[in-house]
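S.K.: Got a predicted structure here, sequence first:
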Amino acid sequence: MPVNRRGAALAPANRYNDPYQALTTNIITAFSLLLHVTAQNTTTVDVTVNGSEHELEVEPRTLLVHALREELGYTGPKVGCESTLCGACTVRLDGDVVKSCTVLAVQADGAEIQTVEGLGDDDELHPIQRSFQEEHGLQCGYCTPGMLLSTASFLEENPDPTREEIREALEGNICRCTGYHNIVNAVEEAADKLATEEAR
Amino acid sequence: MYPPQFDHETAESAEHAVELLETNDDRDVKVLAGGHSLIPMMKTGLATPDLLIDISRLSELSGIERTDDGFEIGATTNYAPVAKSDELHDEATAFAEAAENIGDRQVRNRGTVGGNIAHADPASDLPAALLAHGGSVTITGSDGDRTVDADEFFYGMYETDVGPAELVTSITVPAHGPNAVSTYEKDRSPASGYAIVGVAVVLEADDGTIVDAAVTANGAMDRPSRLSAVEEALEGSEATEAAVEAAAERAGESLNTAMMMSDQDASPEFREQKLKVYSKRALTRAVSQL
């Protein structure tokens, strides 16, 4: 019997007299392993994103942000710090803003998700988007989708906030370009716009 | 940043989760709720479970219920409803304030009360508040439920009384009554948002004298700790700002400073100093409301 350098017995080079038997066994093993992996490690997830229903196959470890971006093509949520701090990946999950880098896609099964794509479109921007544009509440734009969704959910809760309340509400969204002054201006402006447009 | 491969099972009930824990006792299994401690640990490789048992959708474990003497909060209740509850702010103020102090809006929408307590991060906000209120934790296993006082629940950093085939299903926070007030004050790490130190206080007064005091701290030691020297100094003393300030000076006395937490935010000596300052803030705010 062959022995390796440490003296342990190695498996016989050929346990089978018939070489084809070995090959067949190996093929069967490979296929069953593949089936096992497939069966164990993907799950079907149904999600509604911005009103459209999607069914997708994901591994349990797939993060919601990756499922949205890479499987479904919603690139609004950005991958920033990947550690629940920066808020660039913020989406609304059943109405609540969450950081989609710290939610497993399998946990969103059956959920309604809103990304920035669901807020407005190129022809008709949402009042919050217009406010950010007018007040220069962005520079590079990487944090903006998260800022917009956090603002949308916050203004539903508190339609007439103080500047201090705005800063607290956006605590989970980090901007590394401009500072927050214009962002706070934009949220104030958005609150005004939403109030007047609703009144109309 | 994908965590390594693992399997995922959705629990249909708390009992089903226990069954899954028992049948998979040969594997590295973790219970998943909001995942706001577990998923980051899995991404960085600090936790590498083979199987996650997902209880996040168990509505039976979610909600705040007013009981005869306080509140029962289901394990999968998110922080946000706790932080926004008027009843909790009135009757178990320190606990509600601690929940308000966690992370940010997104984190409070997703992280859970049970997960926070079961994870037992020494810098987490809720454990000291639970301890100050004299709360307890309900743990479910194959023999049913058992209840453990917060004083006995936390063993050390990430270590609790929860056994391998058990899970936290609810926590109980007693209401502190009309003659008492409670507060939570925190020195927040600017990077992580966790507590460098956090102090929870429950004070009960009768005719200008403090008759009962609970003062506890997060972030200082490997688990939430009672600041017994401050409690002793307060009990029987006048409910005045001067008296509570003097008591706060004793914040480090009952703790073994050699074992105090040390990290990039603060050395043990600095933490002891901060503990006095934040005890003073929590106590002066409490005494002003008595």
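M.R.: Arrived safely.
S.K.: what about the closest residue to chain B within chain A, how many neighbours?
M.R.: Taking Cβ to the nearest Cβ as the measure, the point where chain A comes nearest chain B is A:G172, at 2.9 Å. From N, CA and C alone the C-beta is placed, and that goes for glycine too. Taking other Cβ atoms under 10 Å in any protein chain shown as the neighbour definition, A:G172 ends up with a count of 24.
S.K.: Ok, A:A67 next?
M.R.: Neighbour count for A:A67, taken as other Cβ under 10 Å: 26.
S.K.: Leaving out the residues flanking it, which one is nearest to it?
M.R.: In this structure, A:A67 finds its nearest non-sequential neighbour in A:A105, 3.8 Å apart by Cβ to Cβ, 6 or more residues apart in numbering or on different chains.
S.K.: Now for the one you found, how many residues are close by?
M.R.: For A:A105, the number of neighbouring residues by other Cβ under 10 Å comes to 25.
S.K.: got the contact list for it?
M.R.: Contact criterion Cβ atoms under 8 Å, 6 or more residues apart in numbering or on different chains gives A:V45, A:L56, A:V58, A:T62, A:L63, A:L64, A:H66, A:A67, A:E71 as the residues in contact with A:A105.
S.K.: do B:N78 as well
M.R.: Remark: with contacts taken as Cβ under 8 Å, 6+ apart, B:N78 is in contact with B:G34, B:S62, B:R108, B:N109, B:R110, B:G111, B:T112, B:V113.
S.K.: So the fourth one sits against A:D96, correct?
M.R.: Yes: under the contact definition of Cβ atoms under 8 Å, B:N109 touches A:D96, with a separation of 4.1 Å.
S.K.: and for these two, which residues touch both?
M.R.: Common neighbours of B:N109 and A:D96, counting by Cβ under 8 Å, 6+ apart, are B:A80.
S.K.: Quick check: phi and psi on B:Q106?
M.R.: Backbone geometry at B:Q106, expressed as degrees, to the nearest 10, gives phi -60, psi -40.
S.K.: Would you map the helices across chain A?
M.R.: Ranges of helices in chain A, per DSSP state H, are A:19-41, A:64-66, A:127-134, A:144-157, A:163-169, A:181-199.
S.K.: Get me the contact residues on chain A for chain B.
M.R.: For chain A, the contact set with chain B under Cβ under 8 Å from any Cβ of the partner chain comprises A:40-41, A:43, A:59-63, A:66, A:82-85, A:87, A:90, A:93, A:96-99, A:101-104, A:106-107, A:150, A:153-154, A:169, A:171-173.
S.K.: Keep only those of these that are in strands.
M.R.: For these, membership in strands holds for A:T43, A:T90, A:L93, A:D96, A:V97, A:V98, A:K99, with DSSP state E as the criterion.
S.K.: Read off the pLDDT value for the closest residue to the second one other than its chain neighbours.
M.R.: By the measure of Cβ to Cβ, 6+ apart, the closest residue to A:T90 outside its immediate chain neighbours is A:G146, 3.5 Å from it. The model reports A:G146 with a pLDDT of 98.
S.K.: Give the burial count for A:G146, as a bare number.
M.R.: One way to gauge burial is a neighbour count; for A:G146, by other Cβ under 10 Å, it gives 29.
S.K.: again, but for A:E55
M.R.: Here the neighbour count serves as a burial measure; for A:E55 (other Cβ under 10 Å) it reads 8.
S.K.: which residues sit in contact with it?
M.R.: A:E55 makes contact with A:T44, A:V45, A:D46, according to Cβ under 8 Å, 6+ apart.
S.K.: contacting residues around the last one?
M.R.: Right, the one you point to is A:D46. Taking Cβ under 8 Å, 6+ apart as the criterion, A:D46 is in contact with A:E53, A:H54, A:E55, A:D109, A:G110.
S.K.: Show the buried residues in the ones in strands among the residues of chain A next to chain B.
M.R.: When burial is judged by neighbour count using 16 or more other Cβ atoms under 10 Å in any protein chain shown, the buried members of these are A:T43, A:T90, A:L93, A:V97, A:V98, A:K99.
S.K.: re earlier: quick check: the residue of chain A closest to chain B vs A:V97, distance?
M.R.: The spacing between A:G172 and A:V97, counted by Cβ to Cβ, to the nearest Å, is 8 Å.
S.K.: who touches both of these two?
M.R.: Among the neighbours of A:G172, those also in contact with A:V97 (Cβ under 8 Å, 6+ apart) are A:T90, A:S150, B:R105, B:Q106.
S.K.: Just the pLDDT at the first one, thanks.
M.R.: What that stands for is A:T90. The model reports A:T90 with a pLDDT of 98.
S.K.: Dig out what it forms beta bridges with.
M.R.: A:K99 (DSSP bridges).
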